[in-house]
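**Q** Okay, here's the prediction I keep looking at, along with the sequence it came from:
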Amino acid sequence: MTDWPWKNFPQHEMRCKETGELAILPSFMDRLQRLRDDFAKPMVISSGYRSPKHSIEIAKSQPGTHAMGCAVDVQISGADVTRLIALANKHGFTGIGVRQYGEYKKRIVHLDDAPEAPWRPRPHFWSYP
């Protein structure tokens, strides 16, 4: 992707941290940028695209939404979490996962807009164990 129109999300932030690959869907990035514009605050991406070769994806029975190019994890905590979730819902994200315990850098909100499938009902909201 040479022309990168998503001003608040640099390519290096969205690349797979293990392989350097970048295969994120433009439609997902458009939705993410609209959310960021509405949120009007920085959104630190702790995990963007993950190659199917990424160790987390390999450990799964089938690659997840990060490997499909339609998911990110946003490092966030406190009152901003509730606001981000409400706006993500408004902007049509169909998968929202929350981890808000432990050290700050591991507190995240997962956002995706994967389509519904028999093994992935939508909309879906969860908290990480």
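**A** All right, it came through fine.
**Q** what secondary structure does residue 8 sit in?
**A** Using DSSP: H, G, I helix; E, B strand; the rest coil, the structure places residue 8 in coil.
**Q** Spell out which residues sit in contact with it, please.
**A** Neighbouring residues of residue 8 by Cβ atoms under 8 Å, 6 or more residues apart in numbering: 33, 36-37, 42-43. Where you see a C-beta, it was placed from the backbone N, CA and C, and this is true even at glycine.
**Q** among these, which ones are buried?
**A** Neighbour-count burial (16 or more other Cβ atoms under 10 Å) is assigned, among the contacts of residue 8, to 33, 36, 43.
**Q** Report the backbone C-alpha coordinates of the host helix or strand of residue 80 in CSV.
**A** Following DSSP states H and E, one finds residue 80 within helix 79-90. Only the C-alpha atoms of helix 79-90 are listed here, as CSV (Å, rounded to 0.1, in the frame of the first residue of the first chain):
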residue,chain,number,x,y,z
ALA,A,79,-13.1,6.6,31.3
ASP,A,80,-12.0,6.7,27.7
VAL,A,81,-12.8,2.9,27.5
THR,A,82,-16.5,3.5,27.9
ARG,A,83,-16.5,6.3,25.4
LEU,A,84,-14.5,4.3,22.8
ILE,A,85,-16.8,1.3,23.1
ALA,A,86,-19.9,3.5,22.6
LEU,A,87,-18.4,5.2,19.5
ALA,A,88,-17.2,1.8,18.1
ASN,A,89,-20.8,0.5,18.4
LYS,A,90,-22.0,3.7,16.6
